[in-house]
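Visitor: A structural model of the following input is requested.
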Amino acid sequence: MPQYRAVGVQVCLAAASLADTITLDMKTIKGTAVKNSDDAEERLRNSSRLAEERVPFPGDEDGFGPYFLKNDEPFMMAQAGADLFKVTPAGDHAIRRTSDRTSQSRSSMELGTLTSHNKEHIANGDHAKGNQPEERRHSTRAHPQVSHSLQVPGSSQVALSPGPSHSSLRSSQSHETEMTPQALSLHIILDNKTFLRNFTDDLKPQHVKIDVLYNGMLVACTFIAPKDIASKVKPLHQVFGGTRVDWLAERPWVLLPPGQNVDGTLRGLRRAIGVRERWEQICAALLKEAGERGFNKYGDRPPSADYLEQLAKMEMPEPVEHMQRPGGRRFGVIDVILTVGEGKKLTGPVKYLKEPTRLRD
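Guide: Have a look, this model is predicted:
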C-alpha cells in the first residue's frame with residue numbers, strides 16, 4: 001500500500017518459498033525453537049513483495065486514495081498478488097492473472113487512535129506473557145495453512161518505496177515465482193512519527209497497538225512502546241507470517257499455485273460460494289469481532305470496535321466482483337488496524353499464549 005505519509009506507515013504482502021520457511025521436525029525446547037523462529041523470520045523478511053493495485057471503493061470516485069469512514073478514520077485498500085504465479089506458454093514468460101490467486105487488502109489508520117486496516121491471511125505466533133503477544137513469532141511452522149486468496153493493505157499505487165527500514169524486501173519483479181507453494185507474509189513498516197505524541201504538556205510519544213485480522217477473525221495482536229524501538233528490542237519493520245497454534249509454534253499462511261492442493265496433488269473443480277456471499281461472511285466476522293471488544297465502565301466501546309463496525313457496513317467495491325472465478329478458490333481479506341494510545345505489559349500472574357489474543361482495553 002502507498003505510504004500513509006501523515007504517520008509514516010507502509011503495509012504490504014510478500015511471498016517466499018514455503019519449504020524454506022517451515023520446520024518439519026518441531027522441537028518444543030525453547031532454545032531450538034527460538035533459532036528456528038529467527039531463521040524463518042529472516043527468510044520472511046527477505047521475501048519478494050507482491051505487486052499491488054489500488055482498489056477504488058465507494059466514496060472515493062475521484063481516486064484520491066485515503067478514504068475516511070464515519071468517524072474520520074483514514075482507510076486504504078489494495079489488491080495484491082494477482083500475478084504471483086507466472087506461466088510460460090511456448091517458452092515465453094507470460095504473466096497470467098489468476099483470480100483464484102487474487103489478493104485484496106484494506107488498510108486503515110485511526111489518528112488519535114491510529115488504525116491501519118487490511119484484509120486477508122495473517123497471524124502471529126510465539127510464546128508471550130500476559131494478554132499481549134511478544135514481538136518474536138516462533139515460526140516452527142509445521143502444519144501449513146492454505147491461504148485461499150491474497151490480500152494486502154493499500155490504496156492506489158504500489159506500496160513500498162526504497163528505504164533502509166525495508167531494504168530487505170525484494171521487488172515482486174525481481175524473479176519469477178515457481179509453481180510451488182509460497183509462504184505469505186505481512187510487512188508493517190512503522191516510522192518514529194507513527195508514535196503520535198499525546199496532547200498533554202509533556203508531548204510524550206504514545207504506544208502503538210497492531211491488530212491483524214484474517215477474513216474478519218483476529219490472528220495477531222501486539223503492542224509496541226517507543227522505548228522498545230529506541231532500545232532495539234523491537235524493530236520498526238514488523239513481520240507476520242502465520243497464526244499461533246501453541247506456545248512455540250505457528251501455522252503459516254500458504255499461497256497455492258492454481259489447480260494444486262497443499263500436498264501437491266491436482267485440485268479438481270469445486271463449488272464455491274459467490275463473491276457477494278463471501279464478502280458478507282467476512283463482514284459478519286468483523287461485526288462479531290467488534291462486539292467481542294466489549295465496553296468500559298462508562299459504557300464506551302474501544303475506537304477499534306467502532307471502526308470495525310463501520311468497515312463491516314461498507315459497500316462491496318466493484319473490483320471485488322472479479323477476484324473470484326466459478327469453481328476457483330475464494331478470495332481472502334487481511335485487515336490491519338493501528339491504534340495509538342497508552343498501554344503497558346501485564347506483570348501479574350499470567351499464562352503463556354497458545355492462540356491469538358486481543359489486548360485488554
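
Visitor: which residues of this structure score low on pLDDT?
Guide: 58-66, 70-71, 86-178, 361 (pLDDT under 70).

Visitor: strands of that one, start to end?
Guide: Ranges of strands in the chain, per DSSP state E, are 10-17, 48-49, 52-54, 67-68, 74-80, 104-109, 145-147, 182-189, 207-214, 217-224, 237-240, 242-246, 249-255, 333-341.

Visitor: closest one to residue 263 among these?
Guide: Residue 263 lies closest, by Cβ to Cβ, to one member of those: strand 145-147, at 10.4 Å. Glycine gets a C-beta too; all of them are placed from N, C-alpha and C.

Visitor: pick the most buried one from the strands of the chain.
Guide: Highest mean neighbour count among the strands of the chain (mean count of other Cβ atoms under 10 Å): strand 104-109, with a mean of 31.

Visitor: list the contacts of residue 53.
Guide: Taking Cβ atoms under 8 Å, 6 or more residues apart in numbering as the contact definition, residue 53 lies against 78-80, 82.

Visitor: so where do the helices sit in the chain?
Guide: 30-45, 226-230, 275-291, 303-312 (DSSP state H).

Visitor: can you redo the ones you listed as a markdown table with distance to residue 9?
Guide: Converted to a markdown table, those look like this (distance: least, Cβ to Cβ, whole Å):
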| stretch | distance to residue 9 |
| --- | --- |
| helix 30-45 | 18 |
| helix 226-230 | 14 |
| helix 275-291 | 21 |
| helix 303-312 | 15 |
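
Visitor: in JSON lines, list those helices along with distance to residue 17 and mean neighbour count.
Guide: Below are the helices of the chain laid out as JSON lines (distance: least, Cβ to Cβ, whole Å; neighbours: other Cβ atoms under 10 Å):
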{"stretch": "helix 30-45", "distance to residue 17": "8", "mean neighbour count": "18"}
{"stretch": "helix 226-230", "distance to residue 17": "30", "mean neighbour count": "14"}
{"stretch": "helix 275-291", "distance to residue 17": "28", "mean neighbour count": "17"}
{"stretch": "helix 303-312", "distance to residue 17": "33", "mean neighbour count": "22"}
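
Visitor: and residue 254, which of the ones you listed is closest to it?
Guide: Nearest of those (Cβ to Cβ): helix 30-45, 12.7 Å.

Visitor: could you report the distance from residue 40 to residue 14?
Guide: Per Cβ to Cβ, to the nearest Å, residue 40 is found 14 Å from residue 14.
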